[in-house]
Structures are given as structure tokens and as C-alpha cells.
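> Sequence first, then the predicted structure:
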Amino acid sequence: MKTPYPTLLLFCFLTACSQDPLPEPGNSAVDSQDTVKIEAVLNTPSPLDEVENIAEAKATAKKGDTLTLQGKIMGSPHPFVGGRAAFTMGDPEVLISCDLMEGDTCETPWDNCCDDPKLIQAQTVLVQIVDDQGIVLRAPIKGVQGIAELSELRVTGIVESDPSNGVLILNATAMDIL
């Protein structure tokens with residue numbers, strides 16, 4: 001199984017560099033408030049006419065730009081950042097999840113194990129929902145309104161990182177489940 005190492009390292013950084021321990025989902029006031037914020041983003045529709053290709057956005061976007069991207073939750077065996085409102089989204093026009101391959105019985109069809117790791121890196125983006133201070137919300141987004149691996153989404157957000165290094169982080173402000 002192939003893994004996009006730069007993306008995987010980014011996830012490890014995001015989850016390991018927090019000074020506070022991760023909350024147990026459903027057990028804290030922070031989790032409850034953050035779930036409300038996640039729902040607010042999910043209930044704000046993204047514009048239909050401004051959707052950009054992920055690879056092109058990574059090549060041209062700058063920190064602070066507003067983008068609308070469309071894709072599927074995929075690109076690694078664990079596309080959700082544990083206990084956080086963050087996930088990897090890939091371009092389904094380029095990356096082929098195993099559930100679309102006839103006869104494939106892969107247990108994690110969202111990992112794109114048949115795609116080249118360099119292609120996965122070029123065609124994925126880290127989407128996160130942040131609070132007013134820019135901190136990733138401490139509630140899992142997986143399961144909210146049915147969001148799961150291979151869910152198709154359209155996401156509008158503000159570029160958090162300088163994608164010239166190959167990693168695009170998008171702070172979501174609006175999201176549609178397709």
C-alpha cells in the first residue's frame with residue numbers, strides 16, 4: 001500500500017503538536033461548541049460557479065486566497081485527523097478510489113493505494129474547520145451529517161498555507177455534501 005508521505009507527515013504534525021490532549025468525542029463542552037461550528041459550516045452552501053481544480057489551485061493559490069474546491073474524502077488510509085475537524089480531500093477526476101475498480105475488494109478503498117504517491121500528493125488538499133483564533137476545531141467531523149470516507153464535497157475556504165511546498169491547507173467556511 002502506497003502512502004503520500006508529505007501528507008501523512010502533515011497529519012502527524014497537526015495531531016501531535018497540540019499542547020492540549022485530544023478530547024474524548026461527546027465528553028466536553030469544547031466538543032459540543034465545536035460540533036455546532038462544524039454544523040454551521042456544513043449549513044453554509046458553497047458557490048457553484050467558482051469550483052477550481054485541486055492541482056491548479058495548489059499551483060496558483062496564495063495564503064489568504066478564497067477557493068472553492070470539489071472532491072472526495074480520500075488520499076490516505078486515515079483521511080480524517082483524529083478528534084479534529086480536518087480531513088484529506090482528493091480530486092476524483094484524477095484519483096481513482098478502489099470502490100470504483102471492478103472486482104477490487106480493498107478494505108480501505110479511499111486510500112488510493114493503486115495511484116502513484118506523487119499523484120496523490122498533487123491531487124489532495126487538507127480541509128479543516130477552525131475557530132476564531134485559527135485553531136482546528138476539537139471535534140471530529142467524521143459522521144457529522146453523514147460525512148465519511150469517500151463522501152463527495154464542495155468546499156469553500158481560505159488558504160492557510162503557502163501551497164508552493166506542495167501542501168494546500170484550506171480553512172473551510174462553507175461546505176456542501178454532494
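Okay, I see it.
> buried sites along the top helix by length along the chain?
When the chain is parsed with DSSP state H, its longest helix is helix 29-42. Buried residues in helix 29-42, counting neighbours by 16 or more other Cβ atoms under 10 Å, are found at D31, D34, T35, K37, I38, V41, L42. Placement of C-beta: from N, CA and C, glycine included.
> That helix - contacts with which helices or strands?
Helix 29-42 makes packing contacts with strand 169-177 when contacts are defined by 3 or more Cβ pairs under 8 Å, 6 or more residues apart in numbering; DSSP states H and E.
> buried residues in the strand it packs on?
I169, L170, N171, A172, T173, A174, M175, D176.
> Give me the distance from that strand to the chain's centre.
9 Å (Cα atoms, centre = their mean, to the nearest Å).
> cool, stretch 168-177 as well?
Mean C-alpha position of stretch 168-177 versus that of the full chain (Cα atoms, centre = their mean) differs by 8 Å.
> Need the residues that contact it.
Stretch 168-177 has contacts (Cβ atoms under 8 Å, 6 or more residues apart in numbering) with 10, 41-42, 44-46, 54, 57-58, 61, 66-67, 69, 125-130, 134, 145-147, 151-161.
> From N112, how far off is the spatially most distant residue from the centre of the chain?
Taking Cα atoms, centre = their mean as the measure, the residue most remote from the mean C-alpha position of the chain is G103, 27.5 Å away. Applying Cβ to Cβ, to the nearest Å, the value for G103 to N112 is 17 Å.
> pretty sure K62 is in contact with V159, am I right?
Yes: K62 is within contact range of V159, at 6.6 Å (criterion: Cβ atoms under 8 Å).
> how much distance is there from whichever strand or helix holds V155 to the middle of the chain?
Applying DSSP states H and E as the criterion places V155 in strand 152-159. Counting by Cα atoms, centre = their mean, strand 152-159 is centred 9 Å from the centre of its parent chain.
> Taking helix 29-42 as reference, get the angle to it.
100 degrees (axes from the mean of the first three to the mean of the last three Cα atoms, to 10 degrees).
> picking up where we left off before, which single one of the buried residues of helix 29-42 is nearest to S97?
Distances from S97 to the buried residues of helix 29-42, taken as Cβ to Cβ, are shortest for L42 (22.0 Å).
> Hmm, the closest one is touching G143, no?
No: here L42 does not reach G143: they are 11.8 Å apart, not a contact under Cβ under 8 Å.
> pLDDT weak spots in this structure?
Applying pLDDT under 70 to the chain picks out residues 1-31.
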